[in-house]
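A.B. asks: quick one: sequence and predicted model below, then my questions.
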Amino acid sequence: MIRNLKIRNYALIENLEISFDSGYITITGETGAGKSILMGALSLILGQRADSSVLFAREEKCIVEGQFEINPRFEPFFEENDLDFDTITILRREILPGGKSRAFINDSPVNLALLKELGDNLVDIHSQHQNLRLNDHHFQMDVLDNVGNNRELLSKYGKLFKGYRDKKAEIKQLQEELERISGELDFLSFQFGELDAAKLKEGELQELEEELDQLDNAEEIRMALAGTVNLLDADGMILNLLSDAISMQRKVAGVFKPSAEFEKRLESAFIELKDVTSEMQSIAEKTESDPDRQQEVRERLDLLYNLLQKNRVRDISDLMELHQQLNEKIAAITFSDQNLGKLNRELDAVYGELMEAANSLHKKRIETAKSIRERISSQLVQLGIPNASFDVRIDKTEQPGPSGTDDVTFLFSANRQAPPEEISRVASGGEISRLMLSIKSLLSDFKGQPTLIFDEIDAGVSGEIAERMGSIMKQMSGKRQVIAITHLPQVAAQGKDHFLVYKQDDGLATNTHIRRLTDEERVTEIAKLLSGERLTEAALSNAKELLGITS
């Protein structure tokens, strides 16, 4: 619950401090006095966004600080976020002149999301525009799940739904990838087939080019070889002369040492010359024109040149590398197709678990809808709609969504003869106020927020109905702090404490203030709400009656 609220330099508030007790608290004030400003300042420490436009004095920072008495059940939140826990916790927000803001929990800096997470669990502020949420199907679902205490079921379903959604996204991405590359598969397969059929070999191109040169010049090569053989071995003249030279050197080698070296060198030359002559002779005899082989080599070279040009690479090594890459791409496509089947089987399994969880939620919601229907219909009767009919329709959706497979719609009728319809079609402003109060009263028992604030939830009602709405809020305050901002005397009079918001103008600036009213001041304030600024004895008497003052 809120124990203390300090506001400095916010809108029309220069400096303000207010303390609250437990129970039912009412706040009144003239239109424009600053009740909404007070709520705006409070919303800052509950995590709402703001900028420098809220500053009272533009050159100074705005500070809003709230002191809350909190239950030990919040201790895990503080531990998880590495914050100091205290049953008296202080939330603070600072808005700097430049527009930047800072947030603190027990003097530890925190981000706005964390401040909001804690704030949402401490205070529920209901403002007039939130009545529009009554027509929001997400809000209606939230009511159903809170009353049904479906937190664990929703958590289980949420994890399964995330897994289901992630698996579907993974499948979609893989399908899109397969669609993109499958169009290339025929071409990739054709390209791979060409290279595979070519039976490529490292260094083959150079070998074939050399062979073709030899085949194209076979006769010239043969003649050159044969001619050389004839020159070297005509009548054995050169080899015989070398043999004679070797003999001459051998004769004097014993007395002339250099001749022994000359003999060796001449012998080496004789052997080499004899060997090369024999080799050239052998090659010359084999060298001849071979048109068939020549055509075969030329065709093979044409194939290789064509593959190089078509694939825009430089040599056979590049072609062989491309062949390997194509093989891997085709294998990847084949594997992806197999993987898609595996993912679809996994999706079916997750979907089965998801639908089981969704059915559990559906059954629980059906049960909860009955109790909500009875309780709200009963409370609407107490709030002056004797023929009220409230219903909860739960339709099954075709596909699972973030909250299950249910679509929840609240239905209402104020007349016995009219069947319940969607609230937005049939409910008046006053009826919506009473519906929302009934729902908030129901939710308060399940959400467990220590403080509820109603900002003119009684709009559109008056008289006895207003008194009954005040009674319901007072009844709600038995388990939590309830603060009602109102303009109705029947609601204001039931508060244990009554605060007045008012403006003062000192000639330099207009300031918003708030103060707790004494018993006498309450009589006057309630009388003003009844009759206006001009107080009458009747108004004062009625005010005392509303306040339960007998004398």
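C.D. replies: Ah, there it is. Residues are numbered from 1 along each chain as shown.
A.B. asks: and stretch 44-59, what's buried?
C.D. replies: The neighbour-count check on stretch 44-59 (16 or more other Cβ atoms under 10 Å) flags 44, 45, 46, 47, 50, 54, 55, 56 as buried. Backbone N, C-alpha and C define where each C-beta goes, glycine included.
A.B. asks: the last one and residue 6: what is the separation?
C.D. replies: Residue 56 is 14 Å from residue 6, where distance means Cβ to Cβ, to the nearest Å.
A.B. asks: go on, the fourth one?
C.D. replies: From residue 47 across to residue 6, the span is 18 Å (Cβ to Cβ).
A.B. asks: got it, and residue 488?
C.D. replies: The gap separating residue 488 from residue 6 is 29 Å, by Cβ to Cβ.
A.B. asks: these two: which is more packed in?
C.D. replies: Between residue 488 and residue 6, residue 488 has the larger neighbour count (other Cβ atoms under 10 Å), namely 23 against 18.
A.B. asks: quick check: pLDDT value at the more buried one.
C.D. replies: Residue 488 carries a pLDDT value of 93.
A.B. asks: one more: the one 5 residues further on?
C.D. replies: According to the prediction, residue 493 has pLDDT 94.
A.B. asks: excluding sequence neighbours, find me the nearest residue to it.
C.D. replies: residue 546 (3.8 Å; Cβ to Cβ, 6 or more residues apart in numbering).
A.B. asks: what helices and strands are in contact with the helix or strand hosting that neighbour?
C.D. replies: Using DSSP states H and E, residue 546 maps to helix 537-547. Secondary-structure packing of helix 537-547 (3 or more Cβ pairs under 8 Å, 6 or more residues apart in numbering; DSSP states H and E): helix 489-492, helix 519-531.
A.B. asks: now do the shortest one: everything it contacts.
C.D. replies: It refers to helix 489-492. For helix 489-492, contacts defined as Cβ atoms under 8 Å, 6 or more residues apart in numbering pick out 26, 28, 458, 462-464, 466-467, 469-470, 473, 484, 486, 498, 525-526, 529-530, 542-543, 546.
A.B. asks: quick check: buried residues in stretch 60-67?
C.D. replies: Neighbour-count burial for stretch 60-67 flags 61, 62, 63, 64, 65, 66, 67 (criterion: 16+ other Cβ under 10 Å).
A.B. asks: from these, pick the one nearest residue 36.
C.D. replies: If you rank the buried residues of stretch 60-67 by distance to residue 36 using Cβ to Cβ, residue 64 comes first, at 14.7 Å.
A.B. asks: show me the beta-bridge partners of that closest one.
C.D. replies: On the basis of DSSP bridges, residue 64 is bridged to residue 7, residue 93.
A.B. asks: you'd agree it is up against residue 10?
C.D. replies: Yes - assessed by Cβ atoms under 8 Å, residue 64 is found in contact with residue 10 at 6.3 Å.
A.B. asks: what's the overlap in contacts for the two?
C.D. replies: Joint contacts of residue 64 and residue 10 (Cβ under 8 Å, 6+ apart) are 41, 44.
A.B. asks: the nearest residue to residue 347 once chain neighbours are set aside in helix, strand or coil?
C.D. replies: Using Cβ to Cβ, 6+ apart and skipping the chain neighbours, the partner closest in space to residue 347 is residue 167 (4.8 Å). Following DSSP: H, G, I helix; E, B strand; the rest coil, we place residue 167 in the helix state.
A.B. asks: run through the residues that contact residue 167.
C.D. replies: Residue 167 makes contacts with 343, 346, 347, 350, as judged by Cβ under 8 Å, 6+ apart.
A.B. asks: helix, strand, or coil at the third one?
C.D. replies: With three-state DSSP as the basis, the three-state label of residue 347 is helix.
A.B. asks: what residues are bridge-paired with residue 105?
C.D. replies: residue 91, residue 108.
A.B. asks: how about stretch 288-296: buried residues?
C.D. replies: Using 16+ other Cβ under 10 Å as the test for burial, stretch 288-296 gives residue 294.
A.B. asks: what of stretch 491-501?
C.D. replies: Per 16+ other Cβ under 10 Å, stretch 491-501 contains these buried residues: 491, 492, 493, 494, 495, 497, 498, 499, 500, 501.
A.B. asks: quick one: which of these is nearest residue 212?
C.D. replies: Using Cβ to Cβ, residue 501 comes nearest to residue 212 of these, at 104.4 Å.
A.B. asks: how near is the nearest residue to residue 471 once chain neighbours are set aside to residue 25?
C.D. replies: Counting by Cβ to Cβ, 6+ apart, residue 471 lies nearest to residue 494, which is 6.6 Å off, once chain neighbours are set aside. As defined by Cβ to Cβ, residue 494 lies at a distance of 10 Å from residue 25.
A.B. asks: which pLDDT value belongs to residue 235?
C.D. replies: 60.
A.B. asks: and residue 539, by the same measure?
C.D. replies: For residue 539, the pLDDT comes out at 90.
A.B. asks: equivalent analysis for residue 347, please.
C.D. replies: You'll see residue 347 listed with a pLDDT of 92.
A.B. asks: and for residue 398?
C.D. replies: Note for residue 398: predicted pLDDT of 90.
A.B. asks: and residue 182, helix, strand or coil?
C.D. replies: Reduced to three states by three-state DSSP, residue 182 is helix.
A.B. asks: wouldn't it be in contact with residue 334 here?
C.D. replies: No - using Cβ under 8 Å as the test, residue 182 is too far from residue 334 to be in contact (10.7 Å).
A.B. asks: so those two - more neighbours on which side?
C.D. replies: Neighbour count, other Cβ under 10 Å: between residue 182 and residue 334, residue 182 has more, with 14 against 11.
A.B. asks: so that one versus residue 338, what's the distance?
C.D. replies: Residue 182 is 14 Å from residue 338, where distance means Cβ to Cβ.
A.B. asks: next one: residue 275
C.D. replies: Counting by Cβ to Cβ - residue 275 and residue 338 are separated by 63 Å.
A.B. asks: and the pLDDT for the residue lying closest to residue 369 once chain neighbours are set aside?
C.D. replies: Once flanking residues are discounted, residue 369 sits nearest to residue 392: 3.8 Å by Cβ to Cβ, 6+ apart. Residue 392 is assigned a predicted lDDT (pLDDT) of 94.
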